[in-house]
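Trainee: Build me a model from this:
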Amino acid sequence: MPAQLQLPSPASQTFAVPMHSGPADATTNRGSALERRGRLTARLAKLAAAGHLSPLARQIGSLGGCARPIRMTGHRTRLDAATGQILDHLDTRHLPAGELLLRCGNRRATRCPSCSKVYRYDTYQLIAAGLRGGKTVPASVSTHPRVFATLTAPSFGPVHNQPGATSCVCGTRHGDGDPLLGTPLNPQRYDYTGAVLWNAHAPALWARFTGHLRREIAHAAGLTQRALRHHATLSYAKVAEYQKRGQIHFHTVIRIDGPTGPGSIAPAWATTDLLDHAVRAAAQRTRAPHQHRSEAGEVDRVRSSQSMVFRFGRQIDVRAIRSTDFTGNAPVTDRHVAAYIAKYATKGAETTTGTLDRRLRFLAELAQHDLTDHARQMIHTAWHLGAHPQHAHLRLRQWAHMLGFRGHFSTRTRHYSTTLTHLRAERTAWRGRQDDAQQRSDQGQPVTDQHSDRADLAAGHTDPAGHRSGHRAGSKKRHVDTGTTLVISHWQYAGNGLLPELAHLADLLATAPKPRPEQSARPRPARRASDRAGHSADPLTAPVQIEVTG
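Mentor: This next block holds a predicted model:
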């Protein structure tokens, strides 16, 4: 291979400073939106005349429609560790955009629909692998006892809801899109303080629940907790979802494996009925006392008559998970559970409750957003409670946009299934092979950044303190791969979001008509009876739209 790839140098490119999108654009942009589009189009025409438009389009197309990509500057060189020969060299100064563009990877659908879709697909594969095998998980895991449980929050006051065939307490039958759903019937008497503090203590509740669950399983099996680890392993994966009223509740898949994890056979006493009983008993026993911060800075856990004790609500739903399709009120399937959890992996409080998807720096910022009165009051309550010294450890102001919840939205045990990192590494390797094949077929064309460049930023470039070198100016690390390749790189964070010209080009590429694929002459297979069941009221038994196998 050549000592260094010859890359085109876009020395004639001149880009303006990135413009931040927001409400201030209407006052800062010169002229109307039509004039701005005309100016950007004229700049693109100059780039096209210089021969840079096609490479730019290919580089932006590699982002897959990411809304706010990460911009990096620097270089990366791959060498043969034995001979010192340069195998590959990448310098951002030679890239069409002058910077390395990486997908943001944001999971929120309101922030980046493209990256959140990939995150949803990965979550589906992760959950499905723990239910039916695959992705380094043996297929025998589908025979282990497992349940799908939902743990809700208690009531903090009556709210508008959909009780079923009857009308709401207010006397009106609310539709699915009614903005009154989840709002208090009497806001003056609603316990906003308790609602916010419950969200703040929800992570502690979940941690205590898992401890009680292991005790209940050991007690039902006639074992001690110490002896349980030699007979069975508890594996689970959970996701946090916001209800319409702004309270967190947890959806979780719980499974009992053998002593060494999913590859071992579960003991004979481990049944679905035993797991169902253990989940319900553990949820009823779980308590989390309100933690007060003392003057010395330590957490005082002493319960007093004035202290609040948080617990789960009375509505606890536990269902067995089967491997065959069922309809109606029958037990749910692994396919439905995986799709249901993946759906909420990309949603936050902003989707269900109508609050914000980013942090607040000042409370006055709320005036710029169109929020419901209920969500606005929840944020106000969290902000004012965060000013009290006894609530400082809860960081309520930092998480006011999440209505007080500061825990991980999705967690799993180590033995449940594969990891998101493993799934991303597989996808990166596959895309790298596709890029190599494309480069071999397009010899002589300008080379752009590749999907595998993200792996170079992450692999082996972490200092002892745990900081990524790619996000610090002037950092330089060396990493030796498992083979004989030596990677020398120097990356520097340049910002988020595309420059104005590139953003305009991305909009043009997104709206360009795409050729329709040729329709196959073969007849479509008939739909299964479970898929023809129609629109079930239960979201877990509705037809699933997510089925990714790659």
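
Trainee: how about the helices in this protein?
Mentor: 25-28, 33-49, 53-61, 113-132, 192-221, 225-228, 272-285, 334-344, 349-352, 373-385, 420-441, 453-458, 500-511 (DSSP state H).

Trainee: mind giving me a markdown table with those helices and columns for distance to Leu95, mean neighbour count and mean pLDDT?
Mentor: Every C-beta, even on glycine, is put in place using the N, C-alpha and C of the backbone. Below are the helices of the chain laid out as a markdown table (distance: least, Cβ to Cβ, whole Å; neighbours: other Cβ atoms under 10 Å; pLDDT from 0 to 100):
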| stretch | distance to Leu95 | mean neighbour count | mean pLDDT |
| --- | --- | --- | --- |
| helix 25-28 | 27 | 9 | 48 |
| helix 33-49 | 14 | 14 | 78 |
| helix 53-61 | 7 | 19 | 82 |
| helix 113-132 | 21 | 22 | 90 |
| helix 192-221 | 42 | 20 | 94 |
| helix 225-228 | 56 | 12 | 91 |
| helix 272-285 | 53 | 19 | 94 |
| helix 334-344 | 34 | 23 | 87 |
| helix 349-352 | 34 | 20 | 76 |
| helix 373-385 | 42 | 21 | 91 |
| helix 420-441 | 14 | 14 | 77 |
| helix 453-458 | 10 | 19 | 48 |
| helix 500-511 | 12 | 17 | 77 |
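
Trainee: To Ser142, which of the ones you listed lies closest?
Mentor: With Cβ to Cβ, the closest approach to Ser142 among those belongs to helix 113-132: 4.8 Å.

Trainee: Export only the CA atoms of the closest one, formatted as CSV.
Mentor: Taking C-alpha atoms only, helix 113-132 is exported to CSV below (Å, rounded to 0.1, in the frame of the first residue of the first chain):
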residue,chain,number,x,y,z
PRO,A,113,-34.6,11.1,15.0
SER,A,114,-31.9,9.3,13.0
CYS,A,115,-29.6,8.3,15.9
SER,A,116,-32.5,7.5,18.1
LYS,A,117,-33.8,5.0,15.6
VAL,A,118,-30.5,3.2,15.6
TYR,A,119,-30.6,3.2,19.4
ARG,A,120,-34.1,1.7,19.3
TYR,A,121,-33.0,-1.0,17.0
ASP,A,122,-30.0,-1.8,19.2
THR,A,123,-32.2,-1.9,22.3
TYR,A,124,-34.6,-4.3,20.6
GLN,A,125,-31.7,-6.7,19.7
LEU,A,126,-30.4,-6.5,23.3
ILE,A,127,-33.7,-7.3,24.9
ALA,A,128,-34.7,-10.0,22.3
ALA,A,129,-31.3,-11.7,22.7
GLY,A,130,-32.0,-12.1,26.4
LEU,A,131,-35.3,-13.7,25.7
ARG,A,132,-34.7,-16.0,22.7
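
Trainee: Tell me which residue is most central in this structure.
Mentor: The chain has Arg107 as the residue nearest its centroid, 3.6 Å off, counting by Cα atoms, centre = their mean.

Trainee: nearest spatial neighbour of that residue, skipping sequence neighbours?
Mentor: Tyr119 (4.4 Å; Cβ to Cβ, 6 or more residues apart in numbering).

Trainee: list the contacts for that neighbour?
Mentor: 105, 107, 345-346 (Cβ atoms under 8 Å, 6 or more residues apart in numbering).

Trainee: at 7 Å instead, please
Mentor: Contact analysis of Tyr119 by Cβ atoms under 7 Å, 6 or more residues apart in numbering lists 107, 345-346.

Trainee: just those residues now: which is nearest Ala364?
Mentor: Distances from Ala364 to those, taken by Cβ to Cβ, are shortest for Arg107, at 28.3 Å.

Trainee: so that closest one makes contact with Ser116?
Mentor: Yes. Assessed by Cβ atoms under 7 Å, Arg107 is found in contact with Ser116 at 5.5 Å.

Trainee: hey, what's in contact with both of the two?
Mentor: Contacts common to Arg107 and Ser116, judged by Cβ under 7 Å, 6+ apart, are Thr346.

Trainee: Distance check, the residue nearest to Arg255 when sequence neighbours are not counted against Arg132.
Mentor: Sequence neighbours aside, Arg146 is the residue nearest to Arg255 in space, at 4.0 Å (criterion: Cβ to Cβ, 6+ apart). For Arg146, the distance to Arg132 equals 10 Å [Cβ to Cβ, to the nearest Å].

Trainee: before we move on, what about His422?
Mentor: 17 Å.

Trainee: okay but Thr346 is in contact with Arg107, surely?
Mentor: Yes. Here Thr346 reaches Arg107: they are 5.3 Å apart, a contact under Cβ under 7 Å.

Trainee: overlap in contacts of the two?
Mentor: Contacts common to Thr346 and Arg107, judged by Cβ under 7 Å, 6+ apart, are 116, 119.

Trainee: Any idea how many residues pack against Arg173?
Mentor: 12 (other Cβ atoms under 10 Å).

Trainee: Surely it is in contact with Gly164?
Mentor: No. Contact criterion Cβ under 7 Å: Arg173 and Gly164 do not qualify, at 10.0 Å.

Trainee: Would you check how far apart Arg120 and Asp334 are?
Mentor: When Arg120 is compared with Asp334 (using Cβ to Cβ), they lie 17 Å apart.

Trainee: er, Thr172 actually
Mentor: 38 Å.

Trainee: same question, Gln247
Mentor: 28 Å.

Trainee: how about Gly263, what does it touch?
Mentor: So Gly263 contacts Pro138 (Cβ under 7 Å, 6+ apart).

Trainee: Straight-line length of stretch 95-106, end to end?
Mentor: Taking Cα to Cα, to the nearest Å, the first and last residues of stretch 95-106 lie 24 Å apart.

Trainee: what mean pLDDT would you report for that stretch?
Mentor: Averaged across stretch 95-106, pLDDT comes to 85.

Trainee: how distant is it from the center of its chain?
Mentor: Its chain's average C-alpha position is 21 Å from that of stretch 95-106, according to Cα atoms, centre = their mean, to the nearest Å.

Trainee: cool, and stretch 200-216?
Mentor: 22 Å.

Trainee: Identify all contacting residues around it.
Mentor: Residues contacting stretch 200-216 (Cβ under 7 Å, 6+ apart): 225, 228, 234, 248, 250, 278-279, 281-283, 285-286, 288, 310, 312, 394, 396, 404-407.
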